[in-house]
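K.L.:
based on what follows, work out the 3D shape:
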Amino acid sequence: MAEISFMYQKVRREFGRPDEFQNNEPENLFENLPNQVLKDEYTLMDPYEREIENVPMLSEYGTNTAQIETRPKGQAHVEGGWPAAIDYTDLDDKTKYRKKVEREESYVATARELVERHVEKVLKQNNAIDIFEEYFVEPTIDLASGPPSAKSVTVFQDPSPVKRTVSKLSWLPDAKKLAIAYCSMKFQGSQDGMTHKSHVWDINNPNCPELDLIPASPLCCLQYSPKDSHIIAGGSYNGVVQLWDTRKGGTPDARSVQPESKSIIDDSHKDPVWDLRWLMSKSGEFLTVSTDGQAFVWDIRALSKPIESETVVLRPSDKINEGGPKGILGGICIDYDAQVGGPSKYMVGTEQGTVLLCNRKGKTAQDKISHCYFGHHGPVYSVMRNPHCSKYFMSVGDWTVRLWTAEDALLKTPMFTTYYHKAYLTNGTWHPARAGVILTTRMDGVMDVWDLLYRQTSPVLSVQLSEFSLNTLQCTAEGRHVAVGGVDGNTILLELSSGLSQAQYDEKNIIESMFSRESSRDRALLQRAKERKGKARKKSNPQQREKEVCGLDDVDLQQLTKEFLATVKDHEEHDNKVQMELEARRSQLVKLIDDGQEVLNDD
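P.N.:
Modelled structure (predicted):
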């Protein structure tokens, strides 16, 4: 379109005067005629209306179908064929019986008959070739592990109408099942509709628990037996310990299991059983602690009362607990690993903030508690030795995680302490595959992952898992998954990234050298501080200062003192002898004068 413009002129003196508008006749300034060529290319169309709807036509139908509830059931297959007197779980018994049978005459004839009967069939099977068999399977290596992360896999919700706190977790060794203890931690917190049941879950079926463990009182802790995966031991809120065999159902409902045996309440703990650990023994023993200040060892063959000789009162002697809390300490958590700390040693975290190192081989009550470590401002909720560096252990309490050197008479303070978190820490554990990874839970619903190999000042990963407080966590044996339980009754199963779950190159040696370097540094600083205190004490003592000036030790000073006293005694005896001789001479002269005899001066 052409541009329309109009220009007018006026004298300079008229600039600034107001404009005056007048009515004039219209004037054609520009004329834009239609283009006939373009007009011929279009056809005139009369206007019309048309409705267009872009929403598809849908119809709604409803139907009710019966809900199908799936329930997995299994059958226990054990090694059979052994006589009743032989324990098939004991390798020594099976070896002795096998050698005994091999020495019998009928053994050779029976073996020859079996070979002749089946050898031809087996040889013919060897002639068949699997054309799809892979002889060399190349392992898949993830070269791009990426940043540390944790992915939520599933959630196990408390089936009780009134939600309870997840107090403790325990994995089956093959990580296919998870036993969860539920308990209301509030004093007299039981409500109408709250059940006492704890559950065993199949990780592939989070909708319904596989087994229900029925205790007399809510369970505060439980753990699978490392020797028999069907045995579960648990400690209740009323102090009683119980034992379940998952192969035996004690109620008409096959999913509910009653305890096979339990302790007598009069011989049990007087407070809730807060933690439980299986011990390495042939008969089957486990250890429990409670805030009543006692540690009991139980034998599953006679579970009615604990072993009296193994009972430990958590009262450290003043010799090893100088400056720490006195009296009987209440136990909250246990660490025991026969392969890491030894079969006779275990650690107990107390509600007074002290960690006790105990020894089952101690002959007296004082010998059973060998070391004492204190430094937390509140209860110690978790204590655990490093599974790769057994000389060092971790404790979780108040707002910090502290690393200690175990069984060192000089080092009584932590060699490493995290910063004070804004929320209270509730639990923690070492990663089973990574020597430098620590996982902790907090009251604000956050799980922190510390990687000491990468960074020591702050966690490498913090995940907000819940709006409620997290209470406990437990890793699987391979370290790929971790289960985290909270006070809202939910247990979240997380899958850790490969960077957090797979051991790095030479990580164990690097972490061990780091810990050794820190402990040596602390030992040198303590030795230097001790020397400074000694020098200050010597300067404040005048006798000690004189001794330093003379350069004599205690032995030389005592010898010189004896010689000095002997010399003084000799001089006193000589003076007494001379005095006696003078007195005798004087008496003789006085007698001569009295007799009127002349006294001559011999001098």
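
K.L.:
in the stretch 451-600 of the chain, which segments are predicted with low confidence?
P.N.:
Scanning the stretch 451-600 of the chain for pLDDT under 70 picks out 541-556, 594-600.

K.L.:
okay, strands next: where are they in it?
P.N.:
In the stretch 451-600 of the chain, the segments counted as strands under DSSP state E, counting those that start in this stretch are 461-464, 470-475, 481-486, 490-496.

K.L.:
next one: the first one to chain centre, how far?
P.N.:
The gap between the average C-alpha position of strand 461-464 and the chain average comes to 17 Å, counting by CA atoms, centre = their mean, to the nearest Å.

K.L.:
which strand or helix spans the residue nearest to K412 when sequence neighbours are not counted?
P.N.:
Among residues not flanking K412 along the chain, Y373 sits closest, at 6.6 Å (CB to CB, 6 or more residues apart in numbering). Placement of C-beta: from N, CA and C, glycine included. In the assignment (DSSP states H and E), Y373 maps to strand 369-374.

K.L.:
after that strand, which helix or strand is next? Please name it.
P.N.:
Once the chain leaves strand 369-374, the next helix or strand it forms, by DSSP H and E, is strand 380-385.

K.L.:
mind listing what that following strand pairs with, with the direction of each?
P.N.:
In the sheet containing strand 380-385, its partner strands are strand 392-397 (antiparallel), by DSSP bridges.

K.L.:
only alpha carbons, please: show the partner strand as PDB.
P.N.:
Provided in PDB are the C-alpha atoms of strand 392-397 (Å, rounded to 0.1, in the frame of the first residue of the first chain):
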ATOM      1  CA  TYR A 392      37.100 -48.100  63.800                       C
ATOM      2  CA  PHE A 393      33.500 -47.700  64.600                       C
ATOM      3  CA  MET A 394      30.600 -45.200  64.200                       C
ATOM      4  CA  SER A 395      28.100 -43.900  66.700                       C
ATOM      5  CA  VAL A 396      24.900 -41.900  65.900                       C
ATOM      6  CA  GLY A 397      23.300 -39.700  68.500                       C
END
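
K.L.:
in stretch 167-174, what's buried?
P.N.:
Buried residues in stretch 167-174, counted by 16 or more other CB atoms under 10 Å: 167-172.

K.L.:
likewise stretch 150-160?
P.N.:
By neighbour count on 16+ other CB under 10 Å, the buried set for stretch 150-160 is 150, 154, 156, 158, 160.

K.L.:
tell me the angle the helix or strand the second one falls within makes with strand 481-486.
P.N.:
Secondary structure assigned from DSSP H and E places T154 in strand 150-157. Taking axes from the mean of the first three to the mean of the last three CA atoms, to 10 degrees, strand 150-157 and strand 481-486 form an angle of 50 degrees between their directions.

K.L.:
neighbouring contacts of strand 150-157?
P.N.:
Applying CB atoms under 8 Å, 6 or more residues apart in numbering, the external contacts of strand 150-157 come out as 178, 180, 201, 203, 206, 209, 447, 449, 461, 463, 465, 481-482, 489-497, 500.

K.L.:
which residue packs closest to G239, ignoring adjacent ones?
P.N.:
Distances taken as CB to CB, 6+ apart put H269 closest to G239, at 3.5 Å, once the chain neighbours are dropped.

K.L.:
wait, that neighbour touches Y237, no?
P.N.:
No: counting by CB atoms under 8 Å, H269 stays clear of Y237, with 10.2 Å between them.

K.L.:
please say which of the two ends up with more neighbours.
P.N.:
With neighbours defined as other CB atoms under 10 Å, H269 and Y237 compare such that H269 has more, 26 against 21.

K.L.:
still on that earlier bit, partners of the strand holding Y373 in the sheet?
P.N.:
When DSSP bridges is applied, strand 369-374 pairs with strand 354-359 (antiparallel).

K.L.:
and the contacts of strand 150-157, which of them are buried?
P.N.:
If you count burial by 16+ other CB under 10 Å, the buried members of these come out as 178, 180, 201, 203, 206, 209, 447, 449, 461, 463, 465, 481-482, 489-494, 496-497, 500.

K.L.:
so who does the residue most central in space within the chain touch?
P.N.:
When CA atoms, centre = their mean is applied to the chain, the residue found nearest the centroid is T429 (2.3 Å). With contact set as CB under 8 Å, 6+ apart, T429 has these partners: 382, 384, 438-439, 473-475.

K.L.:
between whatever helix or strand it lives in and strand 481-486, how big is the angle?
P.N.:
Using DSSP H and E, the element containing T429 is strand 425-430. Orientation of strand 425-430 against strand 481-486 (the same axes, to 10 degrees) gives an angle of 170 degrees.

K.L.:
what mean pLDDT does strand 425-430 get?
P.N.:
On average, the pLDDT along strand 425-430 is 94.

K.L.:
for stretch 384-398, same thing?
P.N.:
Per-residue scores along stretch 384-398 average to 91.

K.L.:
now do the end-to-end distance for it.
P.N.:
With CA to CA, to the nearest Å as the measure, stretch 384-398 spans 16 Å from end to end.

K.L.:
now do stretch 170-186
P.N.:
Stretch 170-186 end-to-end distance (CA to CA) = 22 Å.

K.L.:
in stretch 400-418, what's buried?
P.N.:
Across stretch 400-418, burial judged by 16+ other CB under 10 Å covers 400-406, 411-412, 414-416, 418.

K.L.:
residues making contact with that stretch?
P.N.:
Residues external to stretch 400-418 that are found in contact with it (CB under 8 Å, 6+ apart): 341, 355, 357, 370-371, 373, 375-376, 385, 390-395, 419-421, 425, 428, 438, 440, 450, 456, 515, 518-519, 522-523, 526-527.

K.L.:
list buried residues within the residues you listed.
P.N.:
Buried by 16+ other CB under 10 Å: 341, 355, 357, 370-371, 373, 375-376, 385, 390-395, 421, 425, 428, 438, 440, 450, 515, 518-519, 522, out of the contacts of stretch 400-418.

K.L.:
check which helix or strand covers V101.
P.N.:
Per DSSP H and E, V101 falls inside helix 91-102.

K.L.:
hang on, I meant A175
P.N.:
Under the criterion DSSP H and E, no helix or strand holds A175.

K.L.:
list the beta-bridge partners for the residue nearest to K412.
P.N.:
V355.
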